[in-house]
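Asker: fold the stuff below for me.
(chains A and B)
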Amino acid sequence: GENVEQHPSTLSVQEGDSAVIKCTYSDSASNYFPWYKQELGKRPQLIIDIRSNVGEKKDQRIAVTLNKTAKHFSLHITETQPEDSAVYFCAAKEDQAGTALIFGKGTTLSVSS
Amino acid sequence: EAGVAQSPRYKIIEKRQSVAFWCNPISGHATLYWYQQILGQGPKLLIQFQNNGVVDDSQLPKDRFSAERLKGVDSTLKIQPAKLEDSAVYLCASSRSGGVAFFGQGTRLTVV
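Answerer: I've put the predicted structure just below:
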């Protein structure tokens, strides 16, 4: 089955800096890669996702890149703000009915002002 | 669009007791998932339903956990008897037949 590795487990940056979180996956059949943000005590919320027919996707200050050959994908946050502080999870699955997201262990991002 | 609803939000029980969690998915979402999230870890899939049928329950500890989705809408997850290591947040999520998954607020279970 699918296995997703995520690193680093913790990341501390200064406000305005960029943050990068990396994930690798094992199942070459996976073709859908979402990123979720989870604030303390709250539900995981989808912030961006990418499918394997594209290599990069941007949404304002966040972007995700995908290298299908190497089986890794990354989340990039630019101009970080204190409200970006949260736990970020990557996940992977085959994009069809009957499959479920497999999550990484999460990265705790702390943005200090 | 209303989100995924879960109840209760918090539950404290003693080991060996039983507990049940309830989930109401987003209207029209055929796929429902239960995840277990232990503190400091990512969500781990317990069971996946497509309408009222089980698609994947390979990670569900079937000696103590059970789940049902009788009418293809609401779902309940039960633990009986609970162990200390079951302390976690139980997250329900739903999607349109495998698409983007939306999560509920979760139920935080503490077993003492």
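Asker: name whatever forms a beta bridge with the residue of chain A found nearest chain B.
Answerer: For chain A, the residue closest to chain B is A:Phe103, as judged by Cβ to the nearest Cβ, at 3.5 Å. Placement of C-beta: from N, CA and C, glycine included. On the basis of DSSP bridges, A:Phe103 is bridged to A:Ala91.
Asker: hmm, who's touching the worst-scoring helix or strand of chain B on mean pLDDT?
Answerer: None of the helices or strands of chain B scores lower by mean pLDDT, DSSP states H and E than strand B:53-56, at a mean of 94. Contacts to strand B:53-56, defined as Cβ atoms under 8 Å, 6 or more residues apart in numbering or on different chains, come from residues A:98, A:100, B:31, B:45, B:47-49.
Asker: which parts of the chain are strands?
Answerer: All of this refers to chain A. For chain A, the strands defined by DSSP state E occupy A:4-7, A:10-14, A:19-25, A:32-38, A:45-51, A:56-59, A:62-67, A:72-77, A:86-92, A:102-103, A:107-112.
Asker: that's the other chain; I wanted chain B
Answerer: B:5-7, B:10-13, B:19-24, B:31-37, B:44-50, B:53-56, B:65-68, B:75-79, B:88-95, B:102-103, B:107-111.
Asker: list the buried residues of the last one.
Answerer: Put plainly, it is strand B:107-111. For strand B:107-111, the neighbour count (16 or more other Cβ atoms under 10 Å in any protein chain shown) marks B:107-109, B:111 as buried.
Asker: CA-only coordinates of stretch B:42-58 in CSV, if you can.
Answerer: Presented in CSV, the C-alpha positions along stretch B:42-58 are these (Å, rounded to 0.1, in the frame of the first residue of the first chain):
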residue,chain,number,x,y,z
GLY,B,42,-1.2,12.3,10.8
PRO,B,43,-4.7,10.9,10.3
LYS,B,44,-4.8,7.2,9.9
LEU,B,45,-7.6,5.6,7.9
LEU,B,46,-9.8,3.2,9.9
ILE,B,47,-12.6,2.6,7.4
GLN,B,48,-14.0,3.8,4.1
PHE,B,49,-17.6,3.6,3.0
GLN,B,50,-19.0,4.0,-0.5
ASN,B,51,-22.7,4.7,0.0
ASN,B,52,-23.6,2.0,2.6
GLY,B,53,-20.9,-0.5,1.6
VAL,B,54,-17.5,-0.9,3.1
VAL,B,55,-14.7,-0.3,0.6
ASP,B,56,-11.7,-0.6,2.9
ASP,B,57,-11.6,-1.7,6.6
SER,B,58,-8.1,-3.3,6.5
